[in-house]
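>>> With the input below, show me the fold.
(chains A and B)
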Amino acid sequence: TQLLEQSPQFLSIQEGENLTVYCNSSSVFSSLQWYRQEPGEGPVLLVTVVTGGEVKKLKRLTFQFGDARKDSSLHITAAQPGDTGLYLCAGGGNAGGTSYGKLTFGQGTILTVHP
Amino acid sequence: GAGVSQSPSNKVTEKGKDVELRCDPISGHTALYWYRQSLGQGLEFLIYFQGNSAPDKSGLPSDRFSAERTGGSVSTLTIQRTQQEDSAVYLCASSFRDRGGEETQYFGPGTRLLVL
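Okay, the predicted model is just below:
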């Protein structure tokens, strides 16, 4: 069974602070996705990383995929109250090769950014 | 709208009753997934459809759970003889694969099921 350990579970910070969320596994994933979920809605995809060592930036968000494709991080610079939400990492497929996009999700990080 | 829709948005039922949850995927998406989101459990994969076939049902928790998809479009998830531990948000996602082979899943808003 593939597992994704996401940390921290809860993060409460002040506006303007930086933060990092981690996603770790003992399994190799063919891709790693980060989602954000608002209350009462489904998760919305932020980014997909597929190459070991890959770094992607989305405005103030920086996503990194570990060299061995077992871990990932999400870094937010100068957090804003609008960043508040549930952040989920999800691993796609496995090195052995399911060819479809069955996702294994981490437990999620609830981020609260106070004004 | 053009997104994935699910109905009902909320369902309260009594223990032992059967419930049906519906998912309308984005038109043209051939793949459809059901997930369950519980407090403290994150999102758990339930079942995957490619067209009308379900090549992976490995996440269904018990034989009380079943799902079907018709016409390569609408899917229903049925829970028979509901138990309190079935209370959760049931999420549906549909997807397509781009020219580069990358797949993007689009999630519906979910059905919040409460079993009393």
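
>>> residues of stretch A:74-83 that come out buried?
Buried positions in stretch A:74-83, judged by neighbour count with 16 or more other CB atoms under 10 Å in any protein chain shown: A:Leu74, A:His75, A:Ile76, A:Ala79, A:Asp83. (Glycine included, C-beta is placed from N, CA and C.)

>>> So what touches it?
Contacts to stretch A:74-83, defined as CB atoms under 8 Å, 6 or more residues apart in numbering or on different chains, come from residues A:13, A:15-21, A:23, A:34, A:46, A:60-64, A:87, A:89, A:111, A:113-115.

>>> Which of those residues are buried, as a PyMOL select command?
Selection of buried members from the contacts of stretch A:74-83 for PyMOL, criterion 16+ other CB under 10 Å:
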select buried, chain A and resi 13+19+21+23+34+46+61+62+63+64+87+89+111+113
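
>>> Helices - which of the buried residues of stretch A:74-83 land there?
Judged by DSSP state H, helices contain none of these.

>>> residues in chain A within reach of chain B, list them.
A:31, A:40-45, A:48, A:50, A:88, A:90, A:92, A:98, A:100-108 (CB under 8 Å from any CB of the partner chain).

>>> Now B:Lys11: phi and psi?
For B:Lys11, the backbone dihedrals (degrees, to the nearest 10) come out as phi -140, psi 120.

>>> does it really touch B:Leu21, like I thought?
Yes - judged on CB atoms under 8 Å, B:Lys11 makes contact with B:Leu21 at a distance of 7.3 Å.

>>> list residues touching both of the two?
By CB under 8 Å, 6+ apart, B:Lys11 and B:Leu21 have these common neighbours: B:Thr111, B:Leu113.

>>> that older thread, of the buried residues of stretch A:74-83, closest to chain B?
Closest approach between the buried residues of stretch A:74-83 and chain B, by CB to the nearest CB: A:Leu74, at 15.9 Å.

>>> if I pick B:Gly108, what's in contact with it?
B:Gly108 makes contact with A:Gly42, B:Gly3, B:Val4, B:Ser5, B:Gln6, B:Cys23, B:Asp24, B:Leu91, B:Cys92, B:Ala93, according to CB under 8 Å, 6+ apart.

>>> repeat that with 7 Å
B:Gly108 is in contact with A:Gly42, B:Val4, B:Ser5, B:Gln6, B:Cys23, B:Leu91, B:Cys92, counting by CB atoms under 7 Å, 6 or more residues apart in numbering or on different chains.

>>> ditto for B:Ala54
Contacts for B:Ala54 were tallied using CB under 7 Å, 6+ apart; they are B:Ile47, B:Tyr48, B:Ala67.

>>> Kindly provide the distance from the residue nearest the centre of chain B to B:Ala88.
Closest to where the C-alpha atoms of chain B average out (CA atoms, centre = their mean) is B:Trp34, at 3.0 Å. To B:Ala88, B:Trp34 is 11 Å away according to CB to CB, to the nearest Å.
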